[in-house]
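Q: Sequence plus the predicted model coming up.
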Amino acid sequence: MFARVWGWLTERRAVSYADPALQYLYGASRTSSGEPVSLERAVGLTATWACVNLIAGSIASMPLLLYRRVDEERERAVEHPLFDVLKVRPNPVQSVVAFWEAMVTALLLRGNGYAMLTRDDDSRVRALWYVNPDRVSVDVTKTGRLRYKVTTGGSAQTVDAANMLHIPGPMSDDGYTGRSVIGTFRETLGLGLALERYGAEFFANAATPTGVLSHPAKLSDKAHENLQKSVEESHARRGRRHRMLVIEEGAKWEPMGMSHEDSQFVESKRFTTEEIARVFGVPPSMIGADIKGSMTYANAETRALDYLKFCLGPWLARIESAVNFACISPLERRQLYVEYLPDALLATDTAGRYAAYRTALDAGFLTLGEVRRKENLPALPERVPAIG
């Protein structure tokens, strides 16, 4: 059954990117900058790629654990089938990291993350199957329930809400689905793409400003064309730039200085990078951007805490809420719930960790065994009391 579901979800069919409906779906209409913006072109921007890769990689590498409430305490529900689905392997063909990277990437760029659920005879989730959001449409029934229409190979299948994990993004228009970053920030991304094209064309000319070649006599159209072609063939072609220019018959070459627009190119690139980082809520310094006046941090722990709280926090809450609702039955929700474990992200240097452990041990809210487990160390052997 797993193989059949996977084959159905990954079935491919030929599509034309010139299809207006497909271009509308991806937001590939021209912006004010003149650049069409699509999903593929948007992730081609280094700032977009870096932000999505950072957030998706951080969340995918963070354990999502299933807990059980026990009186006033809690314990990991390791015997429950959902525990392994969330932490070890969501389905037979994907690792947990690959699955959550795909889900979070779709959530960040398309505004929604979808996964079909496979349940056993007891209605417990046994597998999660990633579904491309472009294949899913959401219908609201007269009773207010949701149904999902998944299209593949020209055919559509209706999936009940009970068998679909749906993680909506922020800024929803209808209260059910999130908004696509590609569509919402088309102009910002279009400006970035325009700067990429401008820079490529500028350096394609060896970053050499243009100039004016003047001639004392009036040239015929044919002579003008021949002179321009001769100069371009001798000096504008790749590999022939910066060579000595020899001109005859009293012609003069007057180079033009770099324009104000050219000199502001780097500053414009920085501005666009900062704008894209702001869209995703990522500190510019975390994607390698050198932004003047950007926030600095006293140490790595402070930066990681700020990143976890203000950038990852809302995304983690959306995922936890959606998984709790879709994957845990109403009867089990009073006892079971899922929660991310961000310890690895907040890990500091060795000296800092040991100082924190010492404080916890002295205060009595951590034991030596718990400290060793946090450091992935085996338990100490029990001491055998001396006889006699």
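A: Alright, I've got the coordinates. Nothing here was measured: the structure is a model prediction, and the numbers come from that model. Residues are numbered from 1 along each chain as shown.

Q: can you give me the helices for the stretch 201-350 of the chain?
A: 221-231, 260-263, 265-280, 300-306, 313-327, 350-363 (DSSP state H, counting those that start in this stretch).

Q: Format these as a markdown table; extra columns: distance to residue 165, mean neighbour count and mean pLDDT.
A: Every residue, glycine included, has its C-beta placed from N, CA and C. Formatted as a markdown table, the helices of the stretch 201-350 of the chain follow (distance: least, Cβ to Cβ, whole Å; neighbours: other Cβ atoms under 10 Å; pLDDT from 0 to 100):
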| stretch | distance to residue 165 | mean neighbour count | mean pLDDT |
| --- | --- | --- | --- |
| helix 221-231 | 63 | 12 | 75 |
| helix 260-263 | 48 | 10 | 52 |
| helix 265-280 | 23 | 18 | 85 |
| helix 300-306 | 28 | 15 | 76 |
| helix 313-327 | 4 | 17 | 96 |
| helix 350-363 | 35 | 12 | 83 |
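
Q: Tell me which of these sits nearest to residue 71.
A: Residue 71 lies closest to helix 313-327 among the helices of the stretch 201-350 of the chain, at 20.4 Å (Cβ to Cβ).

Q: so where do the strands sit in the chain?
A: For the chain, the strands defined by DSSP state E occupy 64-70, 73-76, 112-119, 125-131, 136-140, 146-152, 155-160, 164-168, 211-214, 252-255, 336-340.

Q: remind me which residues of the stretch 1-150 of the chain are low pLDDT?
A: Within the stretch 1-150 of the chain, the ranges that satisfy pLDDT under 70 run 1-30.

Q: Walk me through the domains of this structure.
A: 2-188+269-348, 210-256, 349-388 (automatic domain parsing).

Q: Mean neighbour count, these: which tops it?
A: Of these, the one with the most neighbours on average (mean count of other Cβ atoms under 10 Å) is domain 2-188+269-348, at a mean of 16.

Q: on that earlier part again, dump the helices of the stretch 201-350 of the chain to CSV, plus distance to residue 158.
A: Converted to CSV, the helices of the stretch 201-350 of the chain look like this (distance: least, Cβ to Cβ, whole Å):
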stretch, distance to residue 158
helix 221-231, 64
helix 260-263, 54
helix 265-280, 33
helix 300-306, 43
helix 313-327, 17
helix 350-363, 51
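
Q: Which residues are in contact with the residue nearest the centre of the chain?
A: For the chain, residue 52 is the residue whose C-alpha lies nearest the centre (Cα atoms, centre = their mean; 1.9 Å). Contact analysis of residue 52 by Cβ atoms under 8 Å, 6 or more residues apart in numbering lists 43, 105, 108, 109, 280.

Q: Dump the residues you listed to TSV, plus distance to residue 368.
A: As requested, the contacts of residue 52 are exported to TSV (distance: Cβ to Cβ, whole Å):
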residue	distance to residue 368
43	47
105	41
108	41
109	46
280	41
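
Q: Next step: these restricted to helices.
A: Using DSSP state H, the members of those that fall within helices are 43, 105, 108, 109, 280.

Q: Which of the residues you listed sits closest to residue 60?
A: Using Cβ to Cβ, these come closest to residue 60 at residue 105, 9.2 Å.

Q: Find the nearest non-adjacent residue to the closest one, please.
A: Nearest residue to residue 105, sequence neighbours excluded (Cβ to Cβ, 6 or more residues apart in numbering): residue 56, at 4.8 Å.

Q: and the gap between that neighbour and residue 108?
A: Distance of residue 56 to residue 108, computed by Cβ to Cβ, to the nearest Å: 7 Å.

Q: cool, and residue 165?
A: Residue 165 sits 16 Å away from residue 108, going by Cβ to Cβ.

Q: hmm, back to that, figure out which of the domains of the chain is closest to residue 198.
A: Distance to residue 198, taken as Cβ to Cβ, is lowest for domain 2-188+269-348 among those, at 9.6 Å.

Q: now the closest one, how far from the centre of its chain.
A: Counting by Cα atoms, centre = their mean, to the nearest Å, domain 2-188+269-348 is centred 9 Å from the centre of its parent chain.

Q: Adjust the sequence numbering to begin at 10 for everything that follows.
A: Let's use 10 as the start, then, which means that last one is domain 11-197+278-357.

Q: rewinding a little: shared neighbours of residue 65 and residue 117, which are they?
A: With Cβ under 8 Å, 6+ apart as the test, residue 65 and residue 117 reach no residue in common.

Q: Contacts only, for residue 347.
A: Residue 347 sits next to 73, 74, 75, 76, 95, 329, 332, 333, 336, 337 when contact means Cβ under 8 Å, 6+ apart.

Q: returning to what we had before: can you redo the domains of the chain as CSV, where the extra columns are distance to residue 206?
A: Below are the domains of the chain laid out as CSV (distance: least, Cβ to Cβ, whole Å):
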stretch, distance to residue 206
domain 11-197+278-357, 7
domain 219-265, 18
domain 358-397, 43
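
Q: out of those, nearest to residue 209?
A: That would be, of the domains of the chain and by Cβ to Cβ, domain 11-197+278-357, which comes in at 11.8 Å.

Q: From residue 203, how far out is the closest residue to residue 72 other than its chain neighbours?
A: Excluding its sequence neighbours, the residue lying closest to residue 72 (Cβ to Cβ, 6+ apart) is residue 350, at 4.6 Å. Per Cβ to Cβ, residue 350 is found 42 Å from residue 203.
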